[in-house]
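Enquirer: here's my sequence, what's the structure:
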Amino acid sequence: MAVLVTGAAGFIGMHVCRRLIARGERVIGVDNLNEYYSVQLKRDRLAEIGEEGFEFLLCDFADHEALDAALAGRDFDRIIHLGAQAGVRYSLTNPRAYVRSNLAGHLNVMEVARARETRHMVYASSSSVYGGNTDFPFRVEDRVDRPVSLYAATKKADELMSESYAHLYRLPMTGLRFFTVYGPWGRPDMAMWIFAEKILAGEPIPVFNHGEMRRDFTYIDDIVTGVVAALDHPPADDGAEKTGGSIGPHALYNIGNNRAEELMHMIDVLENALGRKAVRDLQPIQPGDVPATAADIAAIERDLGFRPTTSIEEGVPRFVEWYRAYHGV
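Expert: Modelled structure (predicted):
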């Protein structure tokens, strides 16, 4: 049986597809190739996945009729739902895109899982759900009812909808709260890509909150290892309390590097990898941003054996090597 992966042309989605195929899985990928960032980059990611063991369906999963039609006659028994409208700042000016993709779209994928009686649905949540939380590191048990962006609110809503489906339909589900993922084939709207582009062009880089920022930068290979481990361990429907508090077959995990790095240190590492110094334009914190994130990964380590192995001193040069090769700079 195949695995259905939504957001297959996305950053994490592409790498997950490749890992699954490498271990002998057949993958059905869904993506609408929207224009939030470069469509060509998304097409290049799909080309990198290749055709062996992979079928790509151009489809907007927020359109339930189109999704059902695209999947008709195709067999799969597990779902990794990574597709979403990403980005905190974009949600300030384009809120309806988040309601459509992250709320209606998440519901549509859950309906597919219910109708197909899938063995397990793993879905992407976000560290953004912690909002204004000031307790560090962030624990899955912490309150997440104070979002500071609509993006965060939609991701928390996804968790709540998933809990209801796990309860009503005994559908095994696992939500993963990702922490600042980076690496080759990354997203152009994220800091590491923006900084690399501007440093190479000799332009100032925007450093928010005057550099007083910390992020749990997590390398893509570590993230994929955690996603696949989650897929292979569906929560049991045994009435026991799961990580995240559910007594249904629904678990929630932080998935991060377990080390909050100073933003200024990340810039230092990036400068060294690029061989150039940055012009740092210190700016106030932006609406919707939080000054620090840090993941407590004790639960995912205990339950799934997940342990990140890539420091930013290793991961950033790998990103830079790919970035230079991809852009020919």
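
Enquirer: name every strand pairing with the strand or helix carrying T174 and say which way it goes.
Expert: Secondary structure assigned from DSSP states H and E places T174 in strand 173-178. Partner strands and pairing direction for strand 173-178 (DSSP bridges) are strand 120-126 (parallel), strand 250-255 (parallel).

Enquirer: out of those, which is the most enclosed?
Expert: For those, average neighbour numbers computed from mean count of other Cβ atoms under 10 Å are highest in strand 250-255, which has a mean of 28. Backbone N, C-alpha and C define where each C-beta goes, glycine included.

Enquirer: run through who's touching that one.
Expert: Judged by Cβ atoms under 8 Å, 6 or more residues apart in numbering, the contacts made with strand 250-255 from elsewhere in the structure are 125, 127, 138-140, 159, 162-163, 166-167, 172-179, 218, 223, 226-227, 230, 235, 242-246, 295-297, 299-300, 303-304, 306.

Enquirer: ok, Q283 touching F208?
Expert: Yes - with contact taken as Cβ atoms under 8 Å, Q283 and F208 are classed as touching, separated by 5.4 Å.

Enquirer: more neighbours: which of those two?
Expert: More crowded of Q283 and F208, by other Cβ atoms under 10 Å: F208, with 17 against 13.

Enquirer: just the contacts of strand 250-255: which are in strands?
Expert: Secondary structure of these is defined by DSSP state E; positions in strands are 125, 173-178, 218.

Enquirer: now these in JSON lines, with distance to E117 and pLDDT?
Expert: Listed next are the ones in strands among the contacts of strand 250-255 as JSON lines, based on distance: Cβ to Cβ, whole Å; pLDDT from 0 to 100:
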{"residue": "S125", "distance to E117": "23", "pLDDT": "97"}
{"residue": "M173", "distance to E117": "13", "pLDDT": "98"}
{"residue": "T174", "distance to E117": "17", "pLDDT": "98"}
{"residue": "G175", "distance to E117": "20", "pLDDT": "98"}
{"residue": "L176", "distance to E117": "22", "pLDDT": "98"}
{"residue": "R177", "distance to E117": "26", "pLDDT": "97"}
{"residue": "F178", "distance to E117": "27", "pLDDT": "96"}
{"residue": "T218", "distance to E117": "32", "pLDDT": "96"}
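
Enquirer: switch these over to CSV; also include distance to V290.
Expert: Formatted as CSV, the ones in strands among the contacts of strand 250-255 follow (distance: Cβ to Cβ, whole Å):
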residue, distance to V290
S125, 16
M173, 26
T174, 24
G175, 19
L176, 19
R177, 14
F178, 15
T218, 16
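
Enquirer: from the residues you listed, which two are the most distant?
Expert: Among those, the pair separated by the greatest distance (Cβ to Cβ) is M173 and T218, at 21.8 Å.

Enquirer: and P317, which of the three is it?
Expert: With DSSP: H, G, I helix; E, B strand; the rest coil as the basis, the three-state label of P317 is helix.

Enquirer: surely it is in contact with A273?
Expert: Yes - at 4.3 Å, P317 counts as touching A273 under the criterion of Cβ under 8 Å.

Enquirer: more neighbours, the two?
Expert: Between P317 and A273, A273 has the larger neighbour count (other Cβ under 10 Å), namely 21 against 15.

Enquirer: give me the element the more buried one is part of.
Expert: Assigned by DSSP H and E, A273 falls within helix 263-274.

Enquirer: shaky segments in the stretch 151-300 of the chain?
Expert: In the predicted model, the stretch 151-300 of the chain carries no residue with pLDDT under 70.

Enquirer: if we use 80, what do you get?
Expert: Per-residue confidence of the stretch 151-300 of the chain (counting by pLDDT under 80) places the weak regions at 288-290.

Enquirer: can you pull out the helices in it?
Expert: Listed in chain order, the helices of the stretch 151-300 of the chain (DSSP state H, counting those that start in this stretch) span 191-201, 220-231, 263-274, 298-304.
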